[in-house]
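[1] need a structure here:
(chains A and B)
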2 protein chains.
Amino acid sequence: MKRIAIDMDEVMADFVTKHLYLYNSDFNESLTKKDLLGKKLRHLRPGREKELMEYIDEPDFFRDLEVMEGSQEVIRELSEHYEIFITTAAMEHPASFTAKYEWLNEHFPFLSDMNIVFCGDKSIIHADYLIDDNARHFRRFTGQGILFTSPHNVNETDYVRVNNWKEVREFFLK
Amino acid sequence: MKRIAIDMDEVMADFVTKHLYLYNSDFNESLTKKDLLGKKLRHLRPGREKELMEYIDEPDFFRDLEVMEGSQEVIRELSEHYEIFITTAAMEHPASFTAKYEWLNEHFPFLSDMNIVFCGDKSIIHADYLIDDNARHFRRFTGQGILFTSPHNVNETDYVRVNNWKEVREFFLK
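    Have a look, this model is predicted:
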């Protein structure tokens, strides 16, 4: 059985919508995902990097993120044909451990805890595929990287791209 | 540069001494590590499995474990010649995330957070070697398993064994 490793933020969990909402509310702006095409919020507002990081370092930030459309159904279906591991760079935000774990248990109860991985450098992941929105994780990954579209990565052209979970399904189950 | 993955409990952190101490104190017994040769405490006292698990599920259990003798010096030395990742099955005890993270930062500050992995099934680990006290993690691991002696594993004969960190040093740096 082949193995698919799946990232959480911007792949299973809608990170950007909440981050943008908190920023817009606090700084009286009305930035949208379109403003983030090709970049991350911290690159668009470099002077606010500290505040932008503080949102994420708040222990509950990751607890109530919206589930990405179609991810539950497709991952459940994939899990019948592939070994699924959830591989998230939680070490970048150690305050997030419990929230991320609880979020997965709430929204993806059919996945085993034993298949959850909190890591930093994803070159440690042994899998045939890695679905991720950050192409940097593919550089030393020994399997095939599958880039999941997020505003910041729209200009990345080096990897197979999927735009949504319907396309993930087509890639793996056709 | 070859990569060594290293388990925490019973390899870097002295899990058994504290577990045994708590058990002996609460149940007025005087079990020693010798009583655990070839088995785990829960196998020696199956009727106390629930209480034995409760100690470990206490969020601070892992925070003040003693450092295994020689581990700091040898891991620091190994890190000059190998890529080092710490790979612990923290998903078995989700309450332990923060304590394990803080413990590593306190006692092994020279390791990068990016090289810490909290997982369950260690077949997800991509490394050349895995130093672990639980042989079950070697069965689907694609690198070489190195069994670190702990009372429970003394009868295991299928893997290269190291009895202490001096022997780890000899294995990797000779």
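[2] Please count neighbours and contacts with C-alpha atoms only from this point.
    Fine.
[3] Kindly report the residues of chain A close to chain B.
    Within chain A, the positions adjacent to chain B are A:85, A:91-92, A:94-95, A:97-98, A:101, A:113-121, A:123-127 by C-alpha under 8 Å from any C-alpha of the partner chain.
[4] quick one, what contacts A:Gln72?
    A:His107, A:Phe108 (C-alpha atoms under 8 Å, 6 or more residues apart in numbering or on different chains).
[5] if we go to 10 Å?
    A:Met12, A:Leu78, A:His107, A:Phe108, A:Pro109, A:Phe110, A:Trp165 (C-alpha atoms under 10 Å, 6 or more residues apart in numbering or on different chains).
[6] Which among the residues you listed count as buried?
    By neighbour count, with 16 or more other C-alpha atoms under 10 Å in any protein chain shown, those hold A:Met12, A:Leu78, A:Phe108, A:Trp165 as buried.
[7] mind listing what's buried in the biggest helix by length in chain A?
    In chain A, with assignment by DSSP state H, the single longest helix is helix A:15-27. Under the neighbour-count criterion of 16+ other C-alpha under 10 Å, helix A:15-27 has A:Phe15, A:Val16, A:Lys18, A:His19, A:Leu20, A:Tyr23 buried.
[8] if we can go back for a sec, of the residues of chain A next to chain B, which belong to strands?
    A:Phe85, A:Ile116, A:Val117, A:Phe118 (DSSP state E).
[9] wait, doesn't the third one sit right on B:Phe97?
    No - counting by C-alpha atoms under 10 Å, A:Val117 stays clear of B:Phe97, with 11.8 Å between them.
[10] between these two, what contacts are shared?
    In contact with both A:Val117 and B:Phe97: A:Tyr101, B:Ala90, B:Met91, B:Phe118, using C-alpha under 10 Å, 6+ apart.
[11] quick revisit: go through the buried ones among the contacts of A:Gln72 and flag which are in helices.
    Per DSSP H, the buried ones among the contacts of A:Gln72 map to helices at A:Leu78, A:Trp165.
[12] what's the farthest-apart pair in the buried ones among the contacts of A:Gln72?
    The span of those, defined through C-alpha to C-alpha, is set by A:Phe108 and A:Trp165 at 14.9 Å.
[13] Tell me which residue of chain A is furthest from the middle?
    A:Asn28 (26.7 Å; C-alpha atoms, centre = their mean).
[14] How about the contacts made by it?
    Counted by C-alpha under 10 Å, 6+ apart, A:Asn28 has contacts A:Leu22.
[15] So what does it look like in phi/psi?
    Dihedral pair for A:Asn28: phi 50, psi 50, per degrees, to the nearest 10.
[16] for A:Gln144, same thing?
    According to degrees, to the nearest 10, A:Gln144 has phi -100, psi 130.
[17] what's around the closest residue to it other than its chain neighbours, how many residues?
    Excluding its sequence neighbours, the residue lying closest to A:Gln144 (C-alpha to C-alpha, 6 or more residues apart in numbering or on different chains) is A:Tyr129, at 4.7 Å. Neighbours of A:Tyr129 under the rule other C-alpha atoms under 10 Å in any protein chain shown: 20.
[18] now swap in A:Val11 and tell me
    Count around A:Val11 with other C-alpha under 10 Å applied: 24.
[19] try A:Trp103
    Neighbours of A:Trp103 (other C-alpha under 10 Å): 18.
[20] How about A:Asn105?
    A:Asn105 has 14 nearby residues by other C-alpha under 10 Å.
[21] thought it was touching A:Ser112?
    Yes - assessed by C-alpha under 10 Å, A:Asn105 is found in contact with A:Ser112 at 8.7 Å.
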